[in-house]
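Participant: Sequence first, then the predicted structure, then my questions.
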Amino acid sequence: EDQVTQSPEALRLQEGESSSLNCSYTVSGLRGLFWYRQDPGKGPEFLFTLYSAGEEKEKERLKATLTKKESFLHITAPKPEDSATYLCAARHNNAGNMLTFGGGTRLMVKP
Amino acid sequence: DTGVSQNPRHKITKRGQNVTFRCDPISEHNRLYWYRQTLGQGPEFLTYFQNEAQLEKSRLLSDRFSAERPKGSFSTLEIQRTEQGDSAMYLCASNHVGGIEVSRVGTGELFFGEGSRLTVL
């Protein structure tokens, strides 16, 4: 069964303390690994798409990387406004247009 | 505002009642998706439309659920005979695939609305 697993479930950081979020996936024929940010009570907001192992994408303090079995979201010198739930999702060959989401990592950055 | 709009934002209903949610996608988007999200979990795919055609449905979409997109613009999601297990956030998303947008917008880059939260008592 296709699965997407994120760890840790929750992460508390001090402002400026860099860290990484993990997304491991077991899907057949990956056709894209996606990262979203979700603020409380809001819908997810698109961040990145990665298509092949070795690919990297960056946006401000965030960098997403992809290997054959997992993706990492690196957060460099986070600020309190980076606090949110970060979701990853995978689309695979037989999924049509369905994305399989992980459970998310709740990130809290304290000033 | 040109984003995805969902109504109502909150709905509280009693078990057994019917509820309907509406989604207005970004106007130039031809695809519209419904997802369901429970507390502490990631969104789960329910169904999607390309224009007015419903092309894919998840096993999660029981026969009490029906979705329509009659003119290829807004969509409605109706839940009949609601159960407590239906309590969740119902998320609508849209994107455009094909034509001049295909090079910029992949099928995974979804634009989500703020959701409709359903509480079944």
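Facilitator: Happy to help now that I have it.
Participant: Tell me how far B:Leu32 lies from chain A.
Facilitator: Shown here: B:Leu32 relative to chain A, a distance of 11 Å by CB to the nearest CB, to the nearest Å. The way it works is simple: take the backbone N, C-alpha and C, and place the C-beta from them, glycine included.
Participant: Check what contacts the helix or strand harbouring that residue and list those residues.
Facilitator: Using DSSP states H and E, B:Leu32 falls within strand B:31-37. For strand B:31-37, contacts defined as CB atoms under 8 Å, 6 or more residues apart in numbering or on different chains pick out A:97, B:23, B:25, B:43-50, B:60, B:67, B:69, B:75, B:77, B:88-97, B:107, B:110, B:112, B:115.
Participant: do that again at 7 Å, thanks
Facilitator: B:23, B:25, B:43-50, B:60, B:67, B:69, B:75, B:77, B:88-97, B:110 (CB atoms under 7 Å, 6 or more residues apart in numbering or on different chains).
Participant: Now which of those residues would you call buried?
Facilitator: Buried members of those, scored by 16 or more other CB atoms under 10 Å in any protein chain shown, are B:23, B:25, B:43-50, B:67, B:69, B:75, B:77, B:88-96, B:110.
Participant: ok, and of these, which contact chain A?
Facilitator: With CB under 7 Å from any CB of the partner chain as the criterion, those include B:43, B:45, B:48, B:91, B:110 near chain A.
Participant: check contacts around A:Thr65.
Facilitator: A:Thr65 touches A:56, A:71-72, counting by CB under 7 Å, 6+ apart.
Participant: Any of the residues you listed buried? List them.
Facilitator: For the contacts of A:Thr65, buried by 16+ other CB under 10 Å: A:71-72.
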